[in-house]
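**Student:** Compute the structure for the input listed below.
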Amino acid sequence: MGPPKSTSRYRLFLLSVLSIALTACSAGGGSDGAPGGGGTNYTVGGTVSGLSGSMVLRNNGGNDLTISANGNFTFPAPIAQGSPYAVNVITQPANRSCSVANGTGTVAGANVTNVTVTCAAIFTVGGTVSGLNGTVALQNNGGNNLTISVSGGFTFATALATGSGYSVTVLTQPVSQTCAVANGAGTVSGANVTGVTVNCTSPPEARLGKWSAVSPAPIVQLHLHLLATGKVLSWGGPTGKPPYTWDPATGAFTAVPAPSELFCSGHAFLPDGRLLVAGGHRIDGLGTNGLGLPNTNVFDPATGAWQAMPTMAKGRWYPTNTALPSGEVVTIAGSDETGATVLVPEVWNGAAWRRLTSAALDLPYYPRTFVAPDGRIFYAGEQQQSRYLDTAGAGSWTNGPLRKFGTRDFGSAVMYQPGKILYSGGGDPPTNTAEIIDLNQPSPTWAFTGSMASARRQMNATLLPTGDVLVTGGTSSAGFNDPAGGVRTAELWRSATGTWTTLASSAVVRIYHGTALLLPDGRVLYTGSGDGGNSPNELNYEVYSPPYLFNGARPAITGALPPRAGYGQIQIVDTPDGAAIAKVTLIGLGSVTHAFDQSARLVLLNFAPVARGLTIAFPASRTIAPPGPYMLFLVNAGGVPSEGRIMLLQ
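**Tutor:** Residues are numbered from 1 along each chain as shown. Okay, here's the model as predicted:
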């Protein structure tokens, strides 16, 4: 007996409903990639060719796909009918560049299979930069900027595919230089481009410096002193003409007559900025040289007046004065009223002289003496045997190390850092060699540094704000003072490397009695020569501007500085250039004659940036910087100094 009719009809109803539902599903109710209604999803993909390595593709800002082999690819997530797609490369393979074709569109009832990704090798563009002094910015194809600060090789960050063009140009030139590009344009052809060359050149003055025109002077300026006022005091030979001050700002000379004949005296600055002059030239009516005066004279820059002080025990002609850490001044060597060599040094205490009776020693004229780090006087030459003088009590000499070269008469020596001395030139015939010593070492020894291009005697070495040393003038000929061998080219010794650079040539040959003096604006006054030595009397001067004055903007000291600073004092220096400062230097005001500056010395100061500019620390030790007048300079990383500010260290 079969089921009731009502039950059969119910089953037929259920089968009909199921059939309708299945039909609806098959018509597009959710299967991917099959034809059907508007709710259907489709895949996006295509092919990759030329791939070496791995790359990452992205569709519609997501749905990333990493590919490591050529062939077909399909993004894992399908997208709906009518939806847009956008395929791009988000990570390129190493040393290749992949590009997408047919990568955008709208899904139109079928899987997208025609996206093509083509990869090709890419190559770098670069070359070499030479002669750079500063920073140059290059660009390739109008972008891809590259900043370069040292000579050598360079490579742009963005590589190019074979067949791509490249065009390298200078976007920004370095300060005071011009850089030119050669081999800078072409087409990449299956290899890195390495032949682009960028050659940077400086104008002549930025490499060689520049000399001023020759200007007249009323005397042969063979004694030359920078005063705390910024003016220059000078005097010449026994011609009856007085000393003069010269104003660098106006070029004006003003006579300042002295109490006695100052020719061939010694001189050094006192702690208060006055100039102490010891000795001078005794005129006997017969034209005899070598007769010294015992006179002591002091010049006050503030009043422009001289004052005669108590005399020394002996006359001195060709002595050297050296300021001591105590504020006293020692005078050494020279010849007396009769022409005899003065053996005993004397020390000026501000009111009278004290003889160092246990320190008698026969030394040549104008000994090259400096305050050593231990407070003693170091004799660097002219003799080969260096020595130390202890000025305590009655005084005493002890031998120091032998120099490498023999007698360096009329060579020039400077203390370019505390305890560090450069001695260059001198001798007969003159030498081009130079040697250095560091008295800070436990057992200091002399060592040769680089040699000058020209042998010289009767020359001058001048400390510059950078810590380098400028050498000017002199003669390369044998004999005392032969103008035939006059050297007009200046040379620069770099203390960091021990090497020399040849600079521009002066108009005038200056030999015996020639002088050179650093000015507060960073230039060097170059004058003298004559008034003896069988050479022409050069009644004129030139001013040399070193290369650093043509290598970009100078740091500025914008605020006032106190006229005096104490030992160990911390001082704020207002400057908008604090972040660019590489060194701060303190240089004693120069006092020059006969190829030697008796007062200048350079000290590097510790400093730190602050909101207003810099804090600087003055030396804590008087042996590092004896009391007296100094110039303060800020020097930036490009080696360009500020103008100097004069102040007393007391």
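
**Student:** Each with direction, which strands does the longest strand along the chain pair with?
**Tutor:** Counting residues, the longest strand found in the chain (DSSP state E) is strand 112-123. With DSSP bridges as the test, strand 112-123 is paired with strand 44-49 (parallel), strand 96-101 (antiparallel), strand 160-161 (antiparallel).

**Student:** what about those, which gets the closest to Y365?
**Tutor:** The closest of those to Y365 is strand 160-161. By CB to CB, the value is 71.2 Å. (Each C-beta comes from the backbone N, C-alpha and C, glycine too.)

**Student:** thinking again about what came up before, please convert the strands paired with strand 112-123 to CSV, extending it with mean neighbour count and distance to L470.
**Tutor:** Shown next, in CSV, are the strands paired with strand 112-123 (neighbours: other CB atoms under 10 Å; distance: least, CB to CB, whole Å):
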stretch, mean neighbour count, distance to L470
strand 44-49, 19, 67
strand 96-101, 18, 55
strand 160-161, 18, 49
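
**Student:** any chance of those strands in a markdown table, plus mean pLDDT?
**Tutor:** Formatted as a markdown table, the strands paired with strand 112-123 follow (pLDDT from 0 to 100):
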| stretch | mean pLDDT |
| --- | --- |
| strand 44-49 | 98 |
| strand 96-101 | 93 |
| strand 160-161 | 90 |
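
**Student:** Nearest to S176 among those would be which one?
**Tutor:** Nearest to S176 among those is strand 160-161 (33.1 Å), distances taken as CB to CB.

**Student:** Please list the residues outside the closest one that contact it.
**Tutor:** Residues outside strand 160-161 that contact it (CB atoms under 8 Å, 6 or more residues apart in numbering): 97, 120-125, 166, 188.

**Student:** nearest to D574, of those residues?
**Tutor:** V125 (45.7 Å).

**Student:** if we can go back for a sec, extract the CA atoms of the longest strand of the chain and return them as PDB.
**Tutor:** The C-alpha atoms that make up strand 112-123 are tabulated as PDB, following Å, rounded to 0.1, in the frame of the first residue of the first chain:
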ATOM      1  CA  VAL A 112      42.200  39.500 -16.300                       C
ATOM      2  CA  THR A 113      45.200  37.600 -17.700                       C
ATOM      3  CA  ASN A 114      47.000  40.200 -19.900                       C
ATOM      4  CA  VAL A 115      49.000  42.200 -17.300                       C
ATOM      5  CA  THR A 116      52.600  42.100 -18.400                       C
ATOM      6  CA  VAL A 117      55.600  42.800 -16.200                       C
ATOM      7  CA  THR A 118      58.900  43.200 -18.000                       C
ATOM      8  CA  CYS A 119      62.100  43.400 -16.100                       C
ATOM      9  CA  ALA A 120      65.500  44.600 -17.400                       C
ATOM     10  CA  ALA A 121      68.900  45.100 -16.000                       C
ATOM     11  CA  ILE A 122      69.700  48.600 -14.700                       C
ATOM     12  CA  PHE A 123      73.000  50.400 -14.300                       C
END
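
**Student:** if we can go back for a sec, closest one to G639 among the strands paired with strand 112-123?
**Tutor:** Evaluated over these, closeness to G639 peaks at strand 160-161, with 37.7 Å, by CB to CB.

**Student:** ends of stretch 298-312, how far apart?
**Tutor:** Using CA to CA, to the nearest Å, the end-to-end distance of stretch 298-312 comes to 13 Å.

**Student:** these two touch, right, G533 and H513?
**Tutor:** Yes. Using CB atoms under 8 Å, G533 is in contact with H513, at 6.4 Å.

**Student:** who has more neighbours, these two?
**Tutor:** H513 (28 against 18; other CB atoms under 10 Å).

**Student:** Fine by me, we can end here.
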